[in-house]
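>>> how would this look folded up:
(4 chains)
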Number of protein chains: 2
Amino acid sequence: MKKISILLAEDDPNLGQLLKNYLIAREYDTTLVTDGAQALQVFRKDKYQLCLLDVMMPELDGFTLAKEIRALDPHIPVIFLTAKNLKEDVIEGFKSGADDYLTKPFSMEELLYRIEAILRRASGKQADPPATSYTIGKFTFDVTKQLLTYNDQSRKLTTKESELLELLCRNRNEVLERNFALKSIWIDDNYFNARSMDVYITKLRKYLSRDESVEILNIHGKGYKLLC
Amino acid sequence: MKKISILLAEDDPNLGQLLKNYLIAREYDTTLVTDGAQALQVFRKDKYQLCLLDVMMPELDGFTLAKEIRALDPHIPVIFLTAKNLKEDVIEGFKSGADDYLTKPFSMEELLYRIEAILRRASGKQADPPATSYTIGKFTFDVTKQLLTYNDQSRKLTTKESELLELLCRNRNEVLERNFALKSIWIDDNYFNARSMDVYITKLRKYLSRDESVEILNIHGKGYKLLC
DNA sequence: ACATAGACTTAACGTTCTTTAACAGGTTCA
DNA sequence: TGAACCTGTTAAAGAACGTTAAGTCTATGT
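A predicted model of the protein is given here:
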């Protein structure tokens, strides 16, 4: 299956690199540029399936850029990344044809969620959720229904429990880095959110304790690894 | 099929043009005027099916304008565009017969949904409803007739029930954000309206409970997701 | 005008989810 | 070994949500 290609235009080098890494980790073929002019240039050369554009950029702002891009490819999905409380911008953004927008700060989960939603809509197919479910030892984990099942006994997980368990499953038998998980689910990787995550790890361990072969292992200073 | 005609009165040229373009892109036959006097003049000449009026306008303010317009056509739907924190104005606006209002800044999606909802209500008694309907598990939901059907058994939904269910359907298997739903249906996203929305979620869940495969899932702190 | 019914809101109370606090161990490295 | 940091666990606090019932309003018909 061919990878989805994303053009990411973000002038903040830190955020840009961060986003690029996350998207690549999620199997999106991502190209990062740091200003609008460059974005247009790159877009002309190669085709992309989705654009992620920061609104505030030097040389060429996101809105104008979107118009130019739309002139080249009227149907390409565009998502804007915008600073908070710039709702006026949002309006103008929709005019130039954004399919969606995110106000900073946002979590990776949210970004990925919207990307998937838009691609789903763009591909014409209606409905059909990915119906993702994982097998964890003797457990079955239905992500969309947030249901963890063991021998016909089901437990309804909370939103956060479910999000964390999904990340663990996605990276099973390899290290899920703390910061990655925090940025993905909690937006901020500060002290309190880190402690909150610890609490959820404890909860998940308790839920999964019925199957001895399943274990959430801590990798000191790095993160967690789901063994199963 | 003939286009819906909208009279848009907005004195800010940027916003006005923006709105006009967007509405035209959405197949609404839109006329833009930049002050109230002009609006009245144009309205006398041609008939419109909906009015979008800015409250703060030179020459003739939106409220007075609405009264004049209503004198000419008592049943035409009117939506006010108003700056925030002008609650007094809002109240007076409803007295002069607004069907709805939007506080700036607002998103295009919100405006569009409001227009559709109002036109639907206005045309309720007339003929040829577009008959948009959704299939929700074993249910059928006729949006224009506000009818939820299960095995030949139909339940007539109230306006709010219907509007909320429509938003859920439109975003099925995706998160419908609380704030978006509140601003789209209840106008204000304050505490009380949020609680009111909770009540409606309970109602809808009860109506839909006959099909086990259908579920309105809460995403804590974000919104609801209709699974089906 | 009055009564009635239906729709919507507000109130009240209970439950669940998430975060924060508090305390107890662990790991690393100088 | 001891200081600094990281992790495990439980409990409590705070916020969000679920549900039912009572209140308010509006429209409608007599």
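
>>> name the element the closest residue to DNA strand D within chain A belongs to?
At 3.6 Å from DNA strand D, A:N218 is the closest residue in chain A, using Cβ to the nearest atom of the strand. To be clear about C-beta, it is placed using only N, CA and C from the backbone, and glycine gets the same treatment. Using DSSP states H and E, A:N218 sits within strand A:215-219.

>>> partners of the residue of chain A closest to DNA strand D in the sheet?
Assessed by DSSP bridges, A:N218 has beta-bridge partners A:Y224.

>>> for it, grab the count of nearby residues.
12 (other Cβ atoms under 10 Å in any protein chain shown).

>>> distance of it from A:R210?
20 Å (Cβ to Cβ, to the nearest Å).

>>> then A:P13?
47 Å.

>>> give me the more crowded residue out of the two.
A:R210 (13 against 10).

>>> residues contacting the more buried one?
Neighbour list for A:R210: A:K138, A:Y150 [criterion: Cβ atoms under 8 Å, 6 or more residues apart in numbering or on different chains].

>>> kindly report the domain assignment for chain A.
In terms of domains, chain A is parsed into A:4-122, A:133-227 (source: automatic domain parsing).

>>> switch the ones you listed over to a markdown table; also include distance to B:N190 and mean pLDDT.
Below are the domains of chain A laid out as a markdown table (distance: least, Cβ to Cβ, whole Å; pLDDT from 0 to 100):
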| stretch | distance to B:N190 | mean pLDDT |
| --- | --- | --- |
| domain A:4-122 | 18 | 84 |
| domain A:133-227 | 24 | 95 |
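
>>> SS state for the residue nearest the centre of chain A?
Among the residues of chain A, the one closest to the centroid is A:L112, at 2.8 Å (Cα atoms, centre = their mean). Here A:L112 is helix, with the state taken from DSSP: H, G, I helix; E, B strand; the rest coil.

>>> same check on the one 3 residues further on?
Here A:I115 takes the helix state, with states given by three-state DSSP.

>>> so how far is A:T31 from the residue lying closest to it once chain neighbours are set aside?
Distances taken as Cβ to Cβ, 6 or more residues apart in numbering or on different chains place A:L50 nearest to A:I115, at 6.6 Å, with adjacent residues excluded. Distance, A:L50 to A:T31, by Cβ to Cβ: 11 Å.

>>> quickly list what's touching both of those two.
Contacts common to A:L50 and A:T31, judged by Cβ under 8 Å, 6+ apart, are A:S5, A:I6, A:L7.

>>> reformat those residues as TSV; add distance to DNA strand C, secondary structure and neighbour count.
Putting the shared contacts of A:L50 and A:T31 into TSV (distance: Cβ to the nearest atom of the strand, whole Å; DSSP: H, G, I helix; E, B strand; the rest coil; neighbours: other Cβ atoms under 10 Å in any protein chain shown) gives the following:
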residue	distance to DNA strand C	secondary structure	neighbour count
A:S5	33	strand	14
A:I6	28	strand	23
A:L7	32	strand	23
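
>>> could you dump these to TSV with distance to B:D46?
Listed next are those as TSV, based on distance: Cβ to Cβ, whole Å:
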residue	distance to B:D46
A:S5	48
A:I6	46
A:L7	44
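
>>> of those residues, which is the nearest to chain B?
Lowest distance from chain B to the shared contacts of A:L50 and A:T31 (Cβ to the nearest Cβ) belongs to A:I6, with 19.6 Å.

>>> that closest one pairs with what?
Beta-bridge partners of A:I6, as defined by DSSP bridges: A:T30, A:L50.

>>> where's A:I216 relative to A:E177, distance?
14 Å.

>>> show me where chain A has its helices.
Using DSSP state H, the helices of chain A run over A:13-25, A:36-45, A:62-72, A:87-95, A:108-122, A:159-170, A:178-181, A:191-208.

>>> which residue does chain A bring closest to DNA strand C?
Here chain A gets closest to DNA strand C at one residue, A:T158, 2.7 Å apart by Cβ to the nearest atom of the strand.

>>> how close does the closest residue to that residue other than its chain neighbours sit to B:M197?
Of all residues not flanking A:T158 in the chain, B:H220 sits nearest, at 6.6 Å (Cβ to Cβ, 6+ apart). In this structure, B:H220 and B:M197 are 15 Å apart, going by Cβ to Cβ.

>>> out of those two, which sits in the more crowded spot?
For B:H220 versus B:M197, neighbours defined as other Cβ under 10 Å are more numerous around B:M197 (20 against 8).

>>> what's near enough to touch that one?
B:L164, B:R178, B:A181, B:L182, B:I185, B:W186.

>>> near the first one, how many other residues are there?
Residue neighbour count, defined by other Cβ under 10 Å, stands at 24 for B:L164.

>>> one step back: so which of the domains of chain A is the most surrounded?
The highest mean neighbour count among the domains of chain A, using mean count of other Cβ atoms under 10 Å in any protein chain shown, belongs to domain A:4-122: a mean of 18.

>>> measure that one end to end?
Across domain A:4-122, the terminal residues are separated by 13 Å (Cα to Cα, to the nearest Å).

>>> what residues does chain A put near DNA strand C?
A:156, A:158-161, A:186, A:192-193, A:195-196, A:199-200, A:220-221 (Cβ under 7 Å from any atom of the strand).

>>> state the pair within the residues you listed that is farthest apart.
Farthest pair in the residues of chain A next to DNA strand C (Cβ to Cβ) is A:K156 and A:G221. Separation: 33.2 Å.

>>> just to revisit the earlier point, might one say that the residue nearest to A:T158 is in contact with A:K160?
Yes - checked against Cβ atoms under 8 Å, the pair B:H220 and A:K160 is within contact range at 7.2 Å.

>>> what sits against A:I185?
A:I185 is in contact with A:S107, A:E109, A:K160, A:E163, A:L164, A:L167, A:M197, counting by Cβ under 8 Å, 6+ apart.

>>> try it again with 10 Å
Counting by Cβ atoms under 10 Å, 6 or more residues apart in numbering or on different chains, A:I185 makes contact with A:107-110, A:159-160, A:162-164, A:166-167, A:193, A:196-197, A:200.

>>> quick check: A:P58 touching A:A39?
No - judged on Cβ atoms under 10 Å, A:P58 makes no contact with A:A39 at a distance of 11.3 Å.

>>> rewinding a little: would TSV of the domains of chain A with distance to B:T64 be doable?
Converted to TSV, those look like this (distance: least, Cβ to Cβ, whole Å):
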stretch	distance to B:T64
domain A:4-122	26
domain A:133-227	47
